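Enquirer: give me a 3D structure for the following:
(one chain, ligands or ions: 2)
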Amino acid sequence: MDNYYLCVMRGYLYNDIKFLPGVGERRAMLLRKELKISTMRDLLYYFPRRYIDRTKVYKVREVTEDAPNYIQLRVRVESFAVHGEGRKKRLIALASDDTGGVELTWFGGLGWVEKQLERGREYIVFGRPGFFNHELQMVHPELEAVDAPRHKGNMQGIYSTTETLTANYLCSKGIYNLICKAWENARNHIVETLPEWLMREQKLMPLNLALQNIHFPENPERLRQAERRLKFEELLGVQLGILSERTGRMARCDGFLFPTVGDKFTRFFNECIPFELTGAQKRVIKEIRSDTVSGFQMNRLLQGDVGSGKTLVALLSMLLAADNAFQSCMMAPTEILARQHFATVKKMLGDMPVRVEVLTGSTTAKERRAIHEGLRDGSVDILIGTHALIEDTVQFANLGFVVIDEQHRFGVEQRARLWTKNHQPPHVLVMTATPIPRTLAMTMYGDLDVSVIDELPPGRKPIKTIHLRDSDRLRVMGFMQRQIAAGRQVYVVYPLIAESESMDYKDLQDGFESLSQQFPPPGYFITVVHGRLSAEVKERNMMQFKDGVAHIMVATTVIEVGVDVPNATVMVIESAERFGLSQLHQLRGRVGRGGGQSYCILMSGDKLSHEARKRLEAMVRTNDGFELSELDLQLRGSGDLSGTMQSGQMFDLKIASPSRDAALVEHARTIALSILEKDPELADPQLKELKQRYFSKKDSDFSRIS
Ligand code: ADP
Ligand code: MG
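Expert: Ligands and ions are numbered 1, 2, ... in the order given. All right, here's what the predicted structure looks like:
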């Protein structure tokens, strides 16, 4: 009855997008696949990623290296032609205004662009300015003829799109046109999602006005109000979801008790740790200990910069579990890491009576059987592994503690499966070296408790970072030679980006060959680790480096997380401009782990986008992971964030940005708390739409964000 009523009310908004004139089956399928737009409502909630301010048009000569990220030019197209073949195929147009020329290049959707172009016609081009040999150029600019009919306002929405969509006439403009059509039909069917009193109290624009102004702003002020209203709605929905779940969870989830600090913990602590714990490590252990006697299930996020010693905290916690007759498991994102953790843990434990096993995709059937049995009869205390250990066939006698290393590689669902491994959920410790700004952690995890290791073990010297160009390569080689002569080891890392894998492997291969010439055997030994090698070979090569047999390790980002070789002091990152900030920081963290002065050398081409330059500058400027992650969020913005971070997948943030809208996040949280205080069941009928929209897909997983 309820659902039927809603369907009628919402009617048009929940229609399939294919019924919109000009869409049809094929484009509907593409929109669904590429942008997850299935209904009219999805389309209307597909917001512009930015707006062109039609009032500011740059002259070519005005554009300098310091120009904003995106600018608009008004130029006449003089000539254009398609160059190259296959993968390298591109369309280049030369255009100019009365102050100078600009080169426009497209690599995709060539057919569509070619149709738009006309020699001698004037266009507004919008894009990211770049320079090559002091000539202005733009890659993939948006393009609109000056004489084309367009939206009357001065602010024109620009929508993200994909190459496939562009090739099917759904460039930004095409999407805009669909939204215009949908809006005409939908404008009278918009159901308000916020209670009347709340909109009044918070001075928020009604939803229908907000949707209209987000797509077709009347003026900048209206746009600002529309954004605020939509962001608030989103953040309030998310916070209500998290907070109301929390109440439920606290009531539901009892936690195992670990009251005993027994032999295993004490003996390890006193006899096996060759150094003093840092103050931060001690504090976190204390926090975990008090969680595990509270009677509630622990859900703790442990943030600590690379090299801060998280593994030890995990091991101590697992020994605490063992002292209380519980088993533990530790999940790592890659086989290499799992095996490395296993080796580290084994070595640290020495001859202590603790049974540790490792389980990964390459564990043989025979080994697997033995491990499974040991888990079931309770004789295995600690299991370390990859995804393999969440398989249903893996059953524990009494799993009480779960460690997840490098959380960002695991999906929510995978984590939720761990919960079913015992009659009540185990305690969960999620460890990450990607420092998450506080506001983002709040949005992503809501009530997850956060511990921070904000102190590195003593004696670490800050890593020196420099940025060099390809032309400085000889210098780099000389430097590597000297470091190797001093007994140090060197990483050389190449980017690997899924879409162009074979090209990337070629880069790595070429790099390996030229390094082999510079560092020939028998004096030097270079080893390689990348995703295409079998687990065995990877492992062997890794060990060659770890044992100090190999001087240089050439690798892809396989080594990004967790690899620990204290004797390595140089990290050379090739094509550094292609890496994201957090990745760069992670990679840099592979060195600086021993006592020696370490170096990170960022190699890039001469041509750099504005953002890439900012990223590299930041890396050179600071070693502080928190500062870098804040900057990363700023540079990538909320659009990217929703695609790449869990926040987006989990909460479907379309407009709010946890970093930029920090104040609003906190405000929404306060309001959510006060609503829940008065109305803990959220029974207010005016909240129905909001609940429907923001709570629907979480189900049980939502509260189980470990
Ligand atoms: P991460 O936090 O990146 O996982 P690890 O746990 O791998 O860091 O620790 C990095 C290195 O620091 C390891 O070699 C570890 O043995 C060492 N280490 C950990 N804690 C301390 C400490 N308190 N004092 C000195 N070295 C430590
Ligand atoms: Mg680690």
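Enquirer: neighbours of the closest residue to ligand 1 within the stretch 451-600 of the chain, how many?
Expert: Distance from ligand 1 to each residue of the stretch 451-600 of the chain (CB to the nearest ligand atom) is smallest for P457, at 3.2 Å. (Each C-beta comes from the backbone N, C-alpha and C, glycine too.) P457 has 17 neighbours, counted by other CB atoms under 10 Å.
Enquirer: that one against G309, yeah?
Expert: Yes - the pair P457 / G309 is scored as a contact, 5.7 Å apart, by CB atoms under 8 Å.
Enquirer: common neighbours of the two, please.
Expert: Any residue near both P457 and G309 by CB atoms under 8 Å, 6 or more residues apart in numbering counts here, and that gives T278.
Enquirer: residues near V490, how many?
Expert: 27.
Enquirer: what's near enough to touch A683?
Expert: By CB under 8 Å, 6+ apart, no residues touch A683.
Enquirer: strands of the stretch 451-600 of the chain, start to end?
Expert: 464-469, 489-493, 526-529, 552-555, 568-573, 599-604 (DSSP state E, counting those that start in this stretch).
Enquirer: got JSON lines for those, with mean pLDDT too?
Expert: Converted to JSON lines, those look like this (pLDDT from 0 to 100):
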{"stretch": "strand 464-469", "mean pLDDT": "96"}
{"stretch": "strand 489-493", "mean pLDDT": "96"}
{"stretch": "strand 526-529", "mean pLDDT": "92"}
{"stretch": "strand 552-555", "mean pLDDT": "94"}
{"stretch": "strand 568-573", "mean pLDDT": "96"}
{"stretch": "strand 599-604", "mean pLDDT": "96"}
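Enquirer: those residues of this structure touching ligand 1, which are they?
Expert: By CB under 6 Å from any ligand atom, the residues of the chain that approach ligand 1 are 275-278, 281, 304, 306-312, 433, 457, 564, 566, 593.
Enquirer: quick one: which of those sit in strands?
Expert: Of the positions in the residues of the chain next to ligand 1, G304 sit in strands, assigned by DSSP state E.
Enquirer: mind giving me the ChimeraX select for the residues of the chain next to ligand 1, buried ones only?
Expert: Remark: buried members of those, expressed as a ChimeraX selection using 16 or more other CB atoms under 10 Å:
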select :277,278,281,304,306,307,308,309,310,311,312,433,457,564,593
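Enquirer: quick one on the thing from earlier: from S582, how far off is the residue of the stretch 451-600 of the chain closest to ligand 1?
Expert: To S582, P457 is 22 Å away according to CB to CB, to the nearest Å.
Enquirer: pLDDT of the helix or strand harbouring F265, averaged?
Expert: Per DSSP states H and E, F265 falls inside helix 263-267. Helix 263-267 shows a mean pLDDT of 96.
Enquirer: give me the buried positions along that helix.
Expert: Neighbour-count burial for helix 263-267 [16+ other CB under 10 Å]: K264, F265, R267.
Enquirer: next one: stretch 666-679
Expert: Buried residues in stretch 666-679, counting neighbours by 16+ other CB under 10 Å, are found at H667, A668, R669, I671, A672, I675, L676.
Enquirer: for the fifth one, what are its contacts?
Expert: The contact partners of A672, taken as CB under 8 Å, 6+ apart, are L236, Q239, L240, L243.
Enquirer: tell me the buried residues in stretch 118-128?
Expert: Residues Y123, I124, V125, F126, G127, R128 are the ones in stretch 118-128 that count as buried (16+ other CB under 10 Å).
Enquirer: I figured the fifth one hits H140, correct?
Expert: Looking back up the chat, that one is G127. Yes - in terms of CB under 8 Å, G127 counts as a neighbour of H140; the distance is 6.5 Å.
Enquirer: intersection of neighbour lists for these two?
Expert: Residues touching both G127 and H140 (CB under 8 Å, 6+ apart): none.
Enquirer: for D405, give the beta-bridge partners.
Expert: D405 forms beta bridges with M431, as assigned by DSSP bridges.
Enquirer: quick check: it vs D472, distance?
Expert: The spacing between D405 and D472, counted by CB to CB, is 36 Å.
Enquirer: could you grab the helix/strand/coil label for T64?
Expert: Secondary structure for T64, judged by DSSP: H, G, I helix; E, B strand; the rest coil, is coil.
Enquirer: look at it and report its pLDDT.
Expert: So, for T64, pLDDT stands at 85.
Enquirer: burial measure for it, as a count.
Expert: So T64, with other CB under 10 Å, has 9 neighbours.
Enquirer: run a quick neighbour tally on the residue of the stretch 1-150 of the chain found nearest ligand 1.
Expert: Per CB to the nearest ligand atom, N69 is where the stretch 1-150 of the chain lies closest to ligand 1, at 33.3 Å. Neighbourhood size, N69 [other CB under 10 Å]: 13.
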